[in-house]
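J.: Have a look at this prediction, sequence included:
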Amino acid sequence: MAFGLQVVLDAADPHALCAFWAEALHYEVEPTDEAFIREMVSKGHASEADTAMVNGELRWADATACKDPDGVGPRLYFQRVPEPKTVKNRVHLDLRPGPVDRFAEIARLE
């Protein structure tokens, strides 16, 4: 049985990092389930401090994800970590633009 692959990235600002990578990879930021979030807060399983308004949507404050709309690439999950980055990343994502104008892609990402 094959396994699905998800890449988990630690971040100081998971929502900003997720938005960047979604744009860079032509991914979609996964939608939020506001009703579920409100239910968890109302039942005491989470607090208002665990939530945040991001681009007009109620979301979990410390985590978000984006996915390939074609279902081919891995899901990227971004989670807030309290400690600042102090050393070189052990994992990074390399973009290979394929048969497009490389310089146009660089300009788009900048």
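T.: Looks like it came in fine. Since the model is a prediction, treat every value here as computed from it, not as a measurement.

J.: And the host helix or strand of residue 16, how far out from the chain middle?
T.: Assigned by DSSP states H and E, residue 16 belongs to helix 14-25. Taking Cα atoms, centre = their mean, to the nearest Å, one finds helix 14-25 lying 6 Å from the centre of the chain it belongs to.

J.: Check stretch 67-78 too.
T.: Mean-position distance between stretch 67-78 and its chain equals 10 Å (Cα atoms, centre = their mean).

J.: Could you do stretch 55-62 as well?
T.: 12 Å.

J.: sorry, back to before: could you name the helices and strands sitting against the helix or strand just after the helix holding residue 16?
T.: Using DSSP H and E, the helix or strand that follows helix 14-25 towards the C-terminus is strand 28-29. Here strand 28-29 touches helix 14-25, strand 63-67, going by 3 or more Cβ pairs under 8 Å, 6 or more residues apart in numbering; DSSP states H and E. Just so you know, the C-beta spots here come from the backbone N, C-alpha and C atoms, and that holds for glycine as well.

J.: quick one: contacts for residue 52?
T.: Contact partners of residue 52, counting by Cβ atoms under 8 Å, 6 or more residues apart in numbering, are 15, 58-61.

J.: so what strands line up beside the helix or strand encompassing it?
T.: Assigned by DSSP H and E, residue 52 belongs to strand 51-54. The strands that strand 51-54 pairs with in its sheet are strand 57-60 (antiparallel) (by DSSP bridges).

J.: Tally up the residues packed near residue 14, please.
T.: 24 (other Cβ atoms under 10 Å).

J.: Redo the contacts of residue 52 as TSV? Include pLDDT.
T.: Formatted as TSV, these follow (pLDDT from 0 to 100):
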residue	pLDDT
15	97
58	96
59	96
60	96
61	96
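
J.: Show me which pair in the residues you listed is furthest apart.
T.: Largest separation among these by Cβ to Cβ: 15 and 58, giving 12.3 Å.

J.: and those two? which has more neighbours close in?
T.: It is residue 15, of residue 15 and residue 58, that has more neighbours when counted by other Cβ under 10 Å, with 21 against 17.

J.: shouldn't the more buried one be in contact with residue 60?
T.: No: if you go by Cβ atoms under 8 Å, residue 15 and residue 60 don't touch, sitting 9.6 Å apart.
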